[in-house]
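# Pasting the sequence and the predicted model now:
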Amino acid sequence: MKKNILFIIICIVAVITFAACSKEDAGPGSNDDTPSSQDIDVDAGEDVGAEPEYIPDLPDVNYNDYEFRILNSTQDALHWMTVQLLAEAETGDIFNDEIYRRNFIIEEKYGIKMVENAVGGNSVGAGIGTIRDYARKSIMSDSDEYDLIMLGTDVSLELMRTGMLADFNAVPYIDFSKPWWDKNLIKDITIVNKLYTAPGDFSLTHYSTTMSLCFNKSLVRDYALDDPYQLVRDKKWTFDRFFEMIGSCSADLNGDGQYDENDLYGLSALHFVFIPSLSIGAGLKYVAKDSGDIPVFVMDSPSFVERIPALIEGIYGGGSILYDADALNKPHQIINEIFEDNRALFYLELLHHSHIFRAADVDLGFLPHPKYDESQENYITCVYPTTLMAVPVTSGDLERTGIILEALCAESRKRVIPAYYDKMLKTKIARDDESGEMLDIMFSTRSADLGLIYWNSQITGPFSGQIGKQKNLNIASFIEKNKPKIENEISKAVDAFIDMNSGE
């Protein structure tokens, strides 16, 4: 009885909180016709008019206090993405509180208790490998230890091709036609039409690893540069305009005759982030897929070979316009500090990092990545390697798992996504209506290249390192040297997928 009363109280508080936030966060010029947060489809990036249905087609079941067990990373171990799935209590932070309410509602409805084993500690980067190791050990011992694993895409192939994960297409009650599943990303990451890790709204990792291009509006004004927002609207936001801008905004501020972290730059970023991100944004592909949904290495395609030099020349051919902390063997956070201190015109990083600037005195705006040229039809926003939901084949009840995940994702679309997208990104970080417009474009054009998502350590990582760290700009030599082993890696994965499913 006490739980029912608490549930009613929480629902009332949720309604009051959303109403208050809607009034409080309304920007200049807002009116009653402004669409609410629930009218926004973050996948489509547009006002869908009427509020969509958030009620999944699921049976009325109760699992009698079953513990739904999740293997996840600590936030410290994966500091570059948003990994939070659980919340111990309401804290006043709307994002945390909507996670808490979502979980409470689903736990009450289905008679479950979610428990999480968060591994990796405070060791930066440890989450990816540690989760894989825990998962592999558990599955190989035939232990029904976890219902859900938040598995890193760049280590997931090992578990996929050895038959350790369930195909989401075979998990009962999962309905990929619903808006709480990221259909565009799903289309990008399948191999031979199999989906062993899935992006759903229960987890925001795949949204937070969307690549974000920020610019300093004060520097745009100070240097009398064209309005980037208008360039985007006019479909003229291209490599040429981007490189022209970063080339016009650099200075040896302290006059010591050398460029370091104390000076002004056109771009503050890390090579292993901006090289794949900008090239994918320009329509270039590292790995494509054929009509049979089979990955194909395409770095040696005419479009890639002919167009990638424009990116390299634009960044590395214009003097001291780039601050790349990794290439200089400096702490990575310096790129954040330079932008926060108004000493970089552009900053390119994963979207999760933008929360750093919530309290900063920097007038920032969001932009989609520039197109290669005006003939490119659409802007393209790169998704970086992330963690996605995976179900171990040792799961004792796939039907139960499917029902719980579908319910969690649907409830997330209803309450957590608006808190994350409209309240935090569009209001607390972006601070202007134009950036909200740009975020809509970014989210509606998200794309994942398998060369980055699955084969980052064999393809995009070494390629970016050759250019950014070694300053070796010979693209043909990289392709010639690496193509045979890359194609071999791809073939091993494809063959394993086909063999696992040959009896179907």
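Okay, I see it. Numbers count the residues shown, from 1 in each chain.

# those helices in the stretch 251-400 of the chain, which residues are they?
In the stretch 251-400 of the chain, the segments counted as helices under DSSP state H, counting those that start in this stretch are 271-281, 302-316, 334-340, 398-411.

# Go ahead and name everything in contact with the first one.
The one in question is helix 271-281. Applying C-beta atoms under 8 Å, 6 or more residues apart in numbering, the contact partners of helix 271-281 are 211, 267, 286, 308, 311, 315, 324, 326-327, 348-350, 368-371, 379-382, 384, 447, 449, 451-452, 460-461, 463-465, 467-469. Heads up, the C-betas are built off the backbone N, CA and C, glycines and all.

# Identify those among these that sit within strands.
Judged by DSSP state E, the subset of those located in strands is 211, 267, 348-350, 381-382, 447.

# ChimeraX command to pick out the buried ones of these?
With 16 or more other C-beta atoms under 10 Å as the criterion, this ChimeraX line picks the buried residues out of the ones in strands among the contacts of helix 271-281:
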select :211,267,348,349,350,381,382,447
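
# Tabulate the ones in strands among the contacts of helix 271-281 (a markdown table), appending distance to residue 122.
Formatted as a markdown table, these follow (distance: C-beta to C-beta, whole Å):
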| residue | distance to residue 122 |
| --- | --- |
| 211 | 26 |
| 267 | 30 |
| 348 | 26 |
| 349 | 21 |
| 350 | 19 |
| 381 | 30 |
| 382 | 28 |
| 447 | 33 |
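
# Widest-spaced pair of the ones in strands among the contacts of helix 271-281?
267 and 447 (21.6 Å; C-beta to C-beta).

# about what we covered before: which ChimeraX command selects the buried ones in the contacts of helix 271-281?
A single ChimeraX command selects the buried members of these (16+ other C-beta under 10 Å):
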select :211,267,286,308,311,315,324,326,327,348,349,350,368,369,370,371,379,380,381,382,384,447,449,451,452,460,461,463,464,465,467,468
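
# still on that earlier bit, for the helices of the stretch 251-400 of the chain, which one sits closest to residue 183?
Comparing the helices of the stretch 251-400 of the chain by C-beta to C-beta, helix 398-411 comes nearest, at 12.5 Å.

# Could I get the full set of strands for the stretch 51-200 of the chain?
Along the stretch 51-200 of the chain, the segments classed as strands by DSSP state E, counting those that start in this stretch run 66-73, 112-119, 148-152.

# elements contacting the shortest one?
The elements that strand 148-152 packs onto, with contact taken as 3 or more C-beta pairs under 8 Å, 6 or more residues apart in numbering; DSSP states H and E, are strand 66-73, helix 126-140, strand 387-390.

# Give me the helix or strand of the chain that scores worst on average pLDDT.
Of all helical and strand segments in the chain, the minimum by mean pLDDT, DSSP states H and E falls on strand 46-47, at a mean of 33.

# In JSON lines, list the helices and strands packed on strand 148-152 along with mean neighbour count.
Output for the helices and strands packed on strand 148-152, formatted as JSON lines (neighbours: other C-beta atoms under 10 Å):
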{"stretch": "strand 66-73", "mean neighbour count": "20"}
{"stretch": "helix 126-140", "mean neighbour count": "19"}
{"stretch": "strand 387-390", "mean neighbour count": "25"}
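
# mean pLDDT lowest for which of these?
When these are compared on mean pLDDT, helix 126-140 scores lowest, with a mean of 93.

# List the contacts of that one.
By C-beta under 8 Å, 6+ apart, helix 126-140 touches 71-74, 77-78, 83, 117, 119-120, 145-146, 149-152, 154-156, 158-159, 164, 387, 390, 392-394.

# try it again with 7 Å
When contacts are defined by C-beta atoms under 7 Å, 6 or more residues apart in numbering, helix 126-140 is touched by residues 71, 73-74, 77-78, 119-120, 145-146, 149-152, 154-155, 159, 164, 392-394.
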